[in-house]
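Q: Below is the sequence, then the predicted model.
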Amino acid sequence: MTNHHHIAVIGGTGKSGKYLVKKLLEKGFRIKMLLRNPDQLELNHPAIEKVKGDARNPMDIALLLEGCTAVLSTLGQPKGEPPIFSTATSNVLNAMQKLKIKRYIVTTGLSVDTPNDHKRSEQVQEASDWMRANYEPTTGDKQVEYELLAQGHVDWTLVRLPLIEQTEVAKGVKISLEDCLGNHISATDLANFLIEQLENTEYIGQAPFIASI
């Protein structure tokens with residue numbers, strides 16, 4: 001059993017989050033899930049504790065993280081609402097510091113830039129340009145989220161993703177700190193990768209791109 005046995009999960013009902021939750025349960029983890037509407041979660045499992053709340057509420061995040069050993073987030077942007085990512089991560093970082101939790105693993109898009117980047121692939125440039133043109137506030141907020149992590153004092157990993165394929169098929173992943181090496185990521189590959197990072201120290205303080213082989 002891993003040392004990270006009790007995981008706080010944010011975004012666990014989304015298109016990638018539900019695969020993450022399934023894999024965590026398969027591997028024997030206990031989970032605390034943040035849910036706006038807990039009654040709508042069809043999955044009932046003795047290892048899941050439901051926490052009603054919103055990632056933008058600091059008290060809800062503090063309640064979610066209490067008793068946990070790590071935080072995994074596949075949070076998505078709610079339609080028609082202001083950008084959520086930097087606020088959620090700010091709340092998580094503050095709660096982690098108070099509760100002395102060290103490990104935070106969170107997903108984001110290809111448009112986020114870091115000092116290590118050498119983005120050469122056309123698909124990354126096109127995806128980033130499209131996001132900035134169509135979702136400028138959200139794209140900007142994701143960059144702010146990275147800056148918060150970079151200035152923080154926890155063991156964070158920000159995982160940058162291409163399009164997510166909702167599939168049970170695991171193909172394995174290609175990883176780069178400079179550019180995305182593929183057009184898609186299997187939701188199952190993503191779930192496996194995120195869980196592996198609970199013990200892997202290689203990408204602490206980094207923002208790797210991953211894609212399915």
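A: Ah, there it is.

Q: three-state assignment of the most centrally placed residue in the chain?
A: Nearest residue to the geometric centre of the chain (C-alpha atoms, centre = their mean): residue 106, 2.6 Å. Secondary structure assignment for residue 106 (DSSP: H, G, I helix; E, B strand; the rest coil): strand.

Q: With adjacent residues omitted, what lies nearest to it?
A: Among residues not flanking residue 106 along the chain, residue 73 sits closest, at 4.2 Å (C-beta to C-beta, 6 or more residues apart in numbering). Backbone N, C-alpha and C define where each C-beta goes, glycine included.

Q: was I right about that neighbour contacting residue 96?
A: No: Residue 73 lies out of contact with residue 96 (C-beta atoms under 8 Å); the separation is 11.7 Å.

Q: Name the residues contacting each of these two.
A: Here residue 73 and residue 96 have residue 104 as joint contacts, going by C-beta atoms under 8 Å, 6 or more residues apart in numbering.

Q: quick one, what contacts the closest residue to residue 174 other than its chain neighbours?
A: Using C-beta to C-beta, 6+ apart and skipping the chain neighbours, the partner closest in space to residue 174 is residue 181 (4.1 Å). Residues in contact with residue 181, defined by C-beta under 8 Å, 6+ apart, are 121, 174, 175, 209, 211.

Q: Among these, find me the one that's closest to residue 135.
A: Comparing the contacts of residue 181 against residue 135 with C-beta to C-beta picks out residue 209 as the nearest, at 19.2 Å.

Q: Is it correct that that closest one is in contact with residue 108?
A: No: here residue 209 lies out of contact with residue 108, judged by C-beta under 8 Å, at a distance of 10.3 Å.

Q: which one of these two has more residues nearby?
A: The neighbour count for residue 209 versus residue 108, taken as other C-beta atoms under 10 Å, is higher for residue 209 (25 against 21).

Q: Now do the same contact list for residue 119.
A: Taking C-beta under 8 Å, 6+ apart, we find residue 119 in contact with 113, 125, 128, 178, 179, 180.

Q: thinking again about what came up before, which residues lie in contact with the residue nearest to the centre of the chain in this structure?
A: By C-beta under 8 Å, 6+ apart, the contact list for residue 106 reads 71, 72, 73, 74, 75, 89, 145, 149, 156, 157, 158, 159.
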